[in-house]
Every structure is written in structure tokens, then in C-alpha cells.
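**Q** no sequence on this one, just coordinates:
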Ligand SMILES: Nc1ncnc2c1ncn2[C@@H]1O[C@H](COP(=O)(O)OP(=O)(O)OP(=O)(O)O)[C@@H](O)[C@H]1O
């Protein structure tokens, strides 16, 4: 991969997380560099989603620390993490099914809205102007993701692959510098996967967004990622380029053992 990768932006150090007796993550460390596409892979239950949830402030690990551009965010809630420029999409879509594509993506702008809800509801001058500016940005995202034809369609009526694209749009509306994608290709057919890969690479290329993604499809991981972290039973068993991890005996054993 010939991508321009810079300094470390996200530094995960010695993270351990348990739920009662279940150790979801044990002493996990890895870093993410500016501009790279980084994957987290591993068999089911390996701890991948838990790791993303630690990064975006949903879970508070019992041990370890995470820094974004040198700033600690151990005690931050998801909103504060989002304000630092981290957005994410979810494995199980969390869209408002009855709302249009446009309105769903608009919800991603909430974080950036300055006027209060009351002023917005009353369409007061500054609120109206602000809304128009947000609308413009959302329309640009809709163009970028090539979903103009469904702007007014309720999201629940769209095929699954398009819903995933809307979910990506909502995350992009937050103007993240670091984008976390939880299985962006899950449940998609080949064509939808190819489209999603193209959009992920375009986001990375055109907006310079750093991307961390969880993915089960090894072909996708090998094609679009610069470096890969491999988790198994909450432990890190591999970390390196796609070629490094593909030939790592521990990784091969974990996947064979899990029946992949
Ligand atoms: N909120 C929770 N409460 C209790 N246990 C949890 C919770 N979240 C995750 N776990 C446990 O932590 C471990 C790691 O789960 P996690 O969902 O992070 O794995 P994963 O690699 O994302 O799996 P999958 O590929 O199936 O999504 C599992 O044993 C899971 O049951």
C-alpha cells in the first residue's frame, strides 16, 4: 500500500477490560498512525468490538491508557471523545429507520450545532442560517457517497448495503479525523463490498481521515489495510502488515482453531 502515513495519532497502551469474570481484553497495546487504514481482526468473541468501545469512551478499561495526539481520554464519555474528532459506525446499524437518509445524516451534525434546540424548533434567524450551512455539508456527503437518489427515502426501506452507506455518511457528518468502523462490510454481497471498500479508501484519500476498522473478510483486510492487529481471546497475537500477519503461525492457528 503506497499511502502517506504520518506520526502516531492514537496510542493504546496496556489496556485490560473485564466484565465480571470475563476478560474481554488483556494488556493490549498498539498504535495508529496519521492517515493509515488499520484493521483489528480476530475470531468471534476475540475482543474487537470491546476494543473500539474503549477507544470511543463507551467502556472504561480497568487498566491501561489511550491517548489521542498525546491527550489522555481515560475518563471521557462518548460525546467528549466525539468532540475530539473520533466517530464510529456500528456492527448492528443504529439508524432511525423511519427517518429519511438526509435526516439520518443530519443527526451526525448535532455535535457541531451551536444554536439550541428551541431556537432551531422556532426557526429563529441564526438557527435557520446555521441549519442551512449544515444542510449544505450533508448534501455534499450525500453526493460523495452517491446516494442522491434516496435522499428523501426512509432508511428502513433501503437495501442493507445502502443502509450501511448511510451509517457511514452519518459518521462522516461529524467531520472526524479518526473514523472507527465496526464490520462495515458485514452482511454485504460482493458488489456492495466493493463499493464500500472504494468509499473507505476515498474517505481516507480525499479527507485524510485515519481509519480503524474491524473486518472479518480477509480479502478486504489484505486489500485496503496498511497494518493489522490480531486479537484472540482478548490477547494480541499479531501486529504488522497484512503479509506479516498472514504468515504468522499463531494467527493461522487461531483462525484454524476457530473454524475460519
Ligand atoms: N457488555 C458486556 N458484558 C459482558 N460481557 C461482554 C460485554 N461485551 C463483551 N463481552 C464479552 O467480551 C468478550 C469479547 O467480546 P467482543 O464483542 O468484544 O468480541 P468481538 O471480537 O467483537 O466478537 P464478534 O466478532 O463476535 O463481534 C466476549 O467474551 C463477550 O461475551
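**A** Structure received. Predicted, not measured: the structure shown is a model, and the values here were computed from it.
**Q** now for the closest residue to residue 240 other than its chain neighbours, how many residues are close by?
**A** Sequence neighbours aside, residue 227 is the residue nearest to residue 240 in space, at 6.3 Å (criterion: Cβ to Cβ, 6 or more residues apart in numbering). Where C-beta positions appear, they are placed from N, C-alpha and C, glycine not excepted. Residues lying near residue 227 (other Cβ atoms under 10 Å) number 20.
**Q** mind checking the backbone torsions on residue 227?
**A** phi -140, psi 160 (degrees, to the nearest 10).
**Q** pretty sure it contacts residue 238?
**A** No - between residue 227 and residue 238 there is no contact under Cβ atoms under 8 Å: 10.3 Å.
**Q** any idea of the mean pLDDT in whichever helix in the chain runs longest?
**A** Longest helix of the chain, by residue count under DSSP state H: helix 125-144. Averaged over helix 125-144, pLDDT sits at 83.
**Q** wait, residue 183 touches residue 215, no?
**A** Yes - counting by Cβ under 8 Å, residue 215 is a contact partner of residue 183 at 6.3 Å.
**Q** the two: who's more crowded?
**A** Set side by side, residue 183 and residue 215 show more neighbours around residue 215, with 24 against 19, by other Cβ under 10 Å.
**Q** residue contacts, that one?
**A** Residue 215 makes contact with 39, 41, 183-185, 221, according to Cβ atoms under 8 Å, 6 or more residues apart in numbering.
**Q** ok, now residue 36?
**A** 3, 5, 210-211, 226-227 are the contacts of residue 36 under Cβ under 8 Å, 6+ apart.
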